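> take a look and give me a structure for this.
(one chain, ligands or ions: 2)
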Amino acid sequence: MTDRTDETDDTHRPGDQPEQHRVTDGGVTAAPGREGAIPEEDTNVTEVFPEGNLDLRAGADNCYKCTTCDTSCPVAEVDEEFPGPKFQGPEQWRLKRKEDADIDGSIMSCSNCMRCDSACPSDVPLSQMHNEARGEYVDDQMDALSTEYVRNRILSNYRTSAELASKVPQLANFAMNFGPARWVMEKVLGVTKEREFPEFAEQTFREWWRERGGAHVQSSEKRIAYFHGCYSNYNTPEVAKAMVRVFEHFGYEILVPPQKCSGTPMFANGMLDDARRDAETNVENLASAIADGADVIASCTSCSLSLRQEYPELFDIDGVEDVSDNTFEAVEYLRIYEDLEGELADAELDGQSFGYHGPCHARNQGLHRQAVELFRDVDGVRVEDVGDSCSGISGTYGWKEEKYDTSMKIGEEMFEHMKHAEGEAGMTECPTCAMQMEHGTGYDIYHPLELLEDALVD
Ligand code: SF4
Ligand code: SF4
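Ligands and ions are numbered 1, 2, ... in the order given. The predicted structure follows:
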């Protein structure tokens, strides 16, 4: 079988893709050498806040000032200086058009949890507006030599640091949690010393995949392309391995295409050029897999949301709609195409209890109840929903020294509910929510795929 594991492999080419995509480029130009991907005449027409052709006015005009979004915003709830999603979206958009005003710096206090998107009864594209405004703010108003910019760039390009750290995991694990080094990182870069850095695995998922010889199942009927994301590759390969074993149990051939970061941390930090660069690689390789008959599966709900929603909202790349239309979260996919509940009916687990947190980005995809529903009738396991609050970490947000307290205040409700739930373990699909759950409670946190592996795979 073709070796699909080389990240530098450029043999994958998108199949025939639809010619026309919405021009939603956020003013972001193509990466060097990729300029031809967007017709030249379209490259500058997508700046939302200036007079761009990506006209979100209809969306902004849909806002009837009900303030539902403001009441759903976890940051506005604990930070009285944050003006809320209505201001960051439609109000700022109008102000900018009328007076050519600067973007308000408070856009950097939006964590990109995207709860306002699903709260709005009028389909105002709030997170799209926020992403575009944040990108413009960072490009035009933030000093690229400032500590904030440098820190945010490092945090949002986590994959680059993780790739280096994973070459020397033991040294990296020691250095990243060495007290004096953490103190310096906080003072110099503004990365909070309150959190423990997640450990890098001795062997990345991709190294494991290569070592086992790739896919163990071949099928032209049931084929998926796994978008593992950065965290499952470098930090929690056990989640990625569980995904492989569970899907192979159901007879799927698994492709592991070359891939980069989904862009989630880059959107949240306004680094749209970086996000576009990685999105070009991801879309090219995932579209190629789709042309080979695969559906795209992510085990992280922020990665699946990014591929499904943020890519087509922000980037005009050949194949982006195709990738968006054919991407699923792992458990969601199995619930749609397999009799997962039927398989689980005979499963027996040995008395495990979990407090389950539905990530905000799972909520946006309607997936925040799936783990609870899935395991409800399984003998020997209890998965208890710990409520609908935000965990507060929002990827890189809770790692910023000046946002740490806000992040922990937002998380308080979830910590309390976890402590009241049965057992001393947690469950979620989002790796950074898992960090926050562990940080706030001291519990071990699992992915639903790990429990599925326990239940179904010998
Ligand atoms: S929820 Fe929607 S309609 Fe209501 S204020 Fe917010 S953006 Fe406007
Ligand atoms: S994305 Fe989240 S933090 Fe940002 S404005 Fe919307 S609800 Fe608030």
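> check which element follows the lowest-mean-pLDDT helix or strand in the chain along the chain.
Within the chain, no helix or strand scores below helix 57-61, which has a mean of 73 by mean pLDDT, DSSP states H and E. Sequence order places helix 68-72 as the next helix or strand after helix 57-61, per DSSP states H and E.
> how about residues contacting that following helix?
Helix 68-72 has contacts (CB atoms under 8 Å, 6 or more residues apart in numbering) with 76, 84-86, 89, 115-116, 118-121, 124, 126. Heads up, the C-betas are built off the backbone N, CA and C, glycines and all.
> restricted to buried residues, select those residues in PyMOL.
A single PyMOL command is used to select the members of these judged buried by 16 or more other CB atoms under 10 Å:
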select buried, resi 76+84+85+86+89+115+116+118+119+120+124+126
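> nearest to K419 among the contacts of helix 68-72?
Lowest distance from K419 to these (CB to CB) belongs to R115, with 23.2 Å.
> wait, that closest one sits on A76?
No - applying CB atoms under 8 Å, one finds R115 not in contact with A76, separated by 10.4 Å.
> let me know the secondary structure of D377.
Secondary structure for D377, judged by DSSP: H, G, I helix; E, B strand; the rest coil, is coil.
> counting neighbours, what do you get for it?
Using other CB atoms under 10 Å, D377 has 10 other residues around it.
> do the same with the one 5 residues further on
Applying the criterion other CB under 10 Å, we find 18 residues in the vicinity of R382.
> with L314 instead?
By other CB under 10 Å, 27 other residues sit near L314.
> please apply the same query to D100.
As a burial measure, D100 scores 10 neighbours (other CB under 10 Å).
> how close does it sit to ligand 2?
The spacing between D100 and ligand 2, counted by CB to the nearest ligand atom, to the nearest Å, is 23 Å.
> pLDDT score assigned to that residue?
Among the per-residue scores, D100 holds a pLDDT of 73.
> please report how far it lies from R94.
Distance, D100 to R94, using CB to CB, to the nearest Å: 12 Å.
> distance from the helix or strand where A242 lies to the middle of the chain?
According to DSSP H and E, A242 maps onto helix 237-249. The chain centroid and the centroid of helix 237-249 are separated by 19 Å under CA atoms, centre = their mean, to the nearest Å.
> just stretch 431-447 next, same as before
Relative to its chain's centre, stretch 431-447 lies at 16 Å (CA atoms, centre = their mean).
> same question for it, mean pLDDT?
97.
> neighbouring contacts of that stretch?
The contact list for stretch 431-447, computed with CB under 8 Å, 6+ apart, reads 195-196, 198, 229, 231-232, 235-236, 239, 242, 299-300, 302, 354-355, 357, 359, 391-395, 398, 407-408, 411-412, 414-415, 418-419, 424-429.
> how about the helices in the stretch 251-400 of the chain?
Assigned helices in the stretch 251-400 of the chain, in chain order: 264-268, 272-291, 301-305, 311-314, 320-325, 330-337, 340-345, 360-364, 370-375 (criterion: DSSP state H, counting those that start in this stretch).
> I'd like to know which elements the fourth one is packed against.
Right, helix 311-314. In this structure, helix 311-314 makes packing contacts with helix 126-140, helix 272-291, helix 320-325, judged by 3 or more CB pairs under 8 Å, 6 or more residues apart in numbering; DSSP states H and E.
> just give the nearest non-adjacent residue to whatever residue of the stretch 201-350 of the chain ends up closest to ligand 1, would you?
Ligand 1 sits closest to E313 of the stretch 201-350 of the chain, with a gap of 15.8 Å, by CB to the nearest ligand atom. If the residues on either side of it in the chain are set aside, E313 comes closest to Q128, at 4.5 Å by CB to CB, 6 or more residues apart in numbering.
> could you do L456 as well?
Excluding its sequence neighbours, the residue lying closest to L456 (CB to CB, 6+ apart) is H249, at 5.5 Å.
> how far away is A289 from Q259?
Relative to Q259, A289 is positioned 10 Å away (CB to CB).
> ok, the two, which is more surrounded?
Neighbours were counted for A289 and for Q259 using other CB under 10 Å; A289 has more, 25 against 22.
> how many residues are close by S127?
Residues within reach of S127, counting by other CB under 10 Å, total 26.
> how is A225 classified with respect to secondary structure?
Here A225 is recorded as strand under three-state DSSP.
> check contacts around it.
Contact analysis of A225 by CB under 8 Å, 6+ apart lists 254-257, 286, 289-290, 294-297.
> again, 6 Å this time
Contact analysis of A225 by CB atoms under 6 Å, 6 or more residues apart in numbering lists 255, 257, 286, 289, 294, 296.
> how near is the residue in the stretch 251-400 of the chain positioned nearest to ligand 1 to G411?
Per CB to the nearest ligand atom, N364 is where the stretch 251-400 of the chain lies closest to ligand 1, at 14.5 Å. With distances taken as CB to CB, N364 is found 19 Å from G411.
> where do the strands sit along the protein?
Secondary structure of the chain (DSSP state E): strands located at 223-227, 253-255, 295-298, 327-329, 348-356, 379-385, 425-427, 444-446.
> relative to A175, which of the ones you listed is closest?
strand 444-446 (24.0 Å).
> okay, now the nearest residue to Q218 once chain neighbours are set aside: neighbour count?
Counting by CB to CB, 6+ apart, Q218 lies nearest to E253, which is 5.1 Å off, once chain neighbours are set aside. Neighbour count for E253, taken as other CB under 10 Å: 22.
> likewise K187?
11.
> now swap in the one 5 residues further on and tell me
A count of nearby residues for T192, using other CB under 10 Å, gives 18.
> from ligand 2, how far out is it?
18 Å.
> now for that residue: which residues touch it?
399, 401, 404.
> sorry, back to before: drop anything exposed from the contacts of stretch 431-447.
With burial judged by 16+ other CB under 10 Å, the buried subset of the contacts of stretch 431-447 is 195, 198, 229, 231-232, 235-236, 239, 242, 299-300, 302, 354-355, 357, 359, 391-395, 398, 407-408, 411, 414-415, 418, 425-429.
> understood, closing this out.
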